[in-house]
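Participant: Below are the sequence and a predicted model for it; my questions follow.
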Amino acid sequence: MTLPDSYARLGLVAGAALWLIWLVCLACGSGNLDCNGQVIGTDHSAFHTAAVLLTEGRGESLFDYPALIEFQTRQDDLIGREEFLDPYRNPPFYALLYRPTAQLPYAVSYGLWAAAGLLVLAASLRLVHGRQFIKPLAWSLSFYPVFAAVSFGQNTLLSLGIFALTYHSIVSERRFLAGFVAGLLLYKPQLLLGLGVWWLIDARHYWPALIGMMVTGLMLAFLSWLVVPQETATWIRRLPDIAAYDAFEFFNLHNPRGFGDLLTGNRRVGQIVGLLGLGLAIAWLWRFQRRHHSDDRLIFVAAIFATLWGSPHTMIYEWALLVVPAIILWNTRPNQQLIWKWMFAVAWIALFVSTPLTKGQLALTHRLFGMGVAIQISVPILAWIGIRAERACR
């Protein structure tokens, strides 16, 4: 059974409508707020505020968890909205990237970083897919997690670029360089889960990648201690509080931890389910590597999927990283393209509708039962896609 092109094009129309509505909301807003009163590029405010505080010599207030009084006060001043808080949790060295735009108005800083993210997306597709990347770019932009990465002001497209460079280095058999590039993901160390497990399993061949990752880690640690020593010491000291912070919207969390939490309304249960999901992800990747040890391209795809499934903090925008595995599967297994097309369509729909459906369920159950619970449908659907994709690769 084929997927009619007319149906497939509906995805492009839906994606275009999403971007258009968002741009209209921005244009109809006031100051740094859209027409709904939401902060434009909400998560960018954390990076921007961190850079401003570093510039002002007040970097230690970045990690004054759980109060964050000074951080919130400065963020309110920059955004123009009172009692707003989007905390900064990345290592201090990452905030240094935003220093060049720290003196610019918030909206300008966000716009520049959003444009940079889109350029990285295009460059990544060019690197992985080749010169004919315009069509994959259009589909990528219609993929809700990519839209979320840009509209939320997140750095996922930067991560996607690092993954694309890492993949290019692997297929070029420059394994030290692959590890060196992948080490840049230490600003979000959970994203190294899949690659780290893979390279440890196959250390006999991938020891250069492990060394490359260690070199990058040491360089970033040295940079952090050299440039922002007090902030680095504070971040290390307060790391348990930072890691435990969970005052975010769980309907945007698309992983086993989020599934367990939303289904039961219990944080502890969510953590246990998340740990089980992590164990399953590692076991699945280990089995996949044993079965496909001769095809690094397929293992790279599996490593990214295992990362997204096993990470404790896979928000909706992080699933934008699926763009790279999707292109790799499409190009390396062309005889399976009909299967990929259906899988991509199911994943596209699931991630497009799951967040609003979950929000609706939470509101309804809270009104009916006094406690919000929901089923994040994307999680079981993506698990099925992972299992089905593995079978298709045999």
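Facilitator: Noted; the coordinates are in hand. Nothing here was measured: the structure is a model prediction, and the numbers come from that model. Residues are numbered from 1 along each chain as shown.
Participant: Please count neighbours and contacts with C-alpha atoms only from this point.
Facilitator: OK.
Participant: Burial check on the closest residue to V120 other than its chain neighbours, number of neighbours?
Facilitator: Closest residue to V120 apart from its sequence neighbours, by C-alpha to C-alpha, 6 or more residues apart in numbering: G161 at 5.8 Å. When neighbours are counted by other C-alpha atoms under 10 Å, G161 registers 23.
Participant: what helix or strand is G161 on?
Facilitator: helix 156-171 (DSSP states H and E).
Participant: right, and the helix or strand after that helix?
Facilitator: Following helix 156-171 toward the C-terminus (DSSP H and E): helix 175-182.
Participant: what's in contact with that next one?
Facilitator: Here helix 175-182 makes contact (C-alpha atoms under 8 Å, 6 or more residues apart in numbering) with 162-163, 165-170, 192, 206, 208-216.
Participant: For the chain, give me the ranges with low pLDDT.
Facilitator: 1-8 (pLDDT under 70).
Participant: tell me what whichever strand or helix holds F344 is packed against?
Facilitator: Take DSSP H and E as the rule and F344 turns out to sit in helix 337-369. In terms of contacts (3 or more C-alpha pairs under 8 Å, 6 or more residues apart in numbering; DSSP states H and E), helix 337-369 is packed against helix 144-151, helix 323-332, helix 378-392.
Participant: from the chain's centre, how far out does it sit?
Facilitator: Relative to its parent chain, helix 337-369 has a centroid offset of 18 Å by C-alpha atoms, centre = their mean, to the nearest Å.
Participant: which stretches of the stretch 151-300 of the chain form strands?
Facilitator: Applying DSSP state E, counting those that start in this stretch to the stretch 151-300 of the chain gives no strands.
Participant: what are the ranges of the helices in it?
Facilitator: Using DSSP state H, counting those that start in this stretch, the helices of the stretch 151-300 of the chain run over 156-171, 175-182, 193-201, 203-227, 229-237, 239-244, 256-264, 267-291, 296-310.
Participant: okay if I get those helices as TSV plus distance to S140?
Facilitator: Shown next, in TSV, are the helices of the stretch 151-300 of the chain (distance: least, C-alpha to C-alpha, whole Å):
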stretch	distance to S140
helix 156-171	11
helix 175-182	22
helix 193-201	22
helix 203-227	29
helix 229-237	35
helix 239-244	31
helix 256-264	24
helix 267-291	25
helix 296-310	17
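Participant: Looking at the ones you listed, spot the one closest to L10.
Facilitator: Closest of the helices of the stretch 151-300 of the chain to L10 is helix 156-171, at 24.3 Å (criterion: C-alpha to C-alpha).
Participant: Any buried residues in that closest one, and which?
Facilitator: Within helix 156-171, the residues that count as buried by 16 or more other C-alpha atoms under 10 Å are 156-170.
Participant: Quick one: list the elements packing against it.
Facilitator: helix 106-129, helix 144-151, helix 175-182, helix 296-310, helix 323-332.
Participant: Save the ones you listed as JSON lines, and put in distance to G370 too.
Facilitator: Output for the helices and strands packed on helix 156-171, formatted as JSON lines (distance: least, C-alpha to C-alpha, whole Å):
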{"stretch": "helix 106-129", "distance to G370": "38"}
{"stretch": "helix 144-151", "distance to G370": "30"}
{"stretch": "helix 175-182", "distance to G370": "45"}
{"stretch": "helix 296-310", "distance to G370": "30"}
{"stretch": "helix 323-332", "distance to G370": "39"}
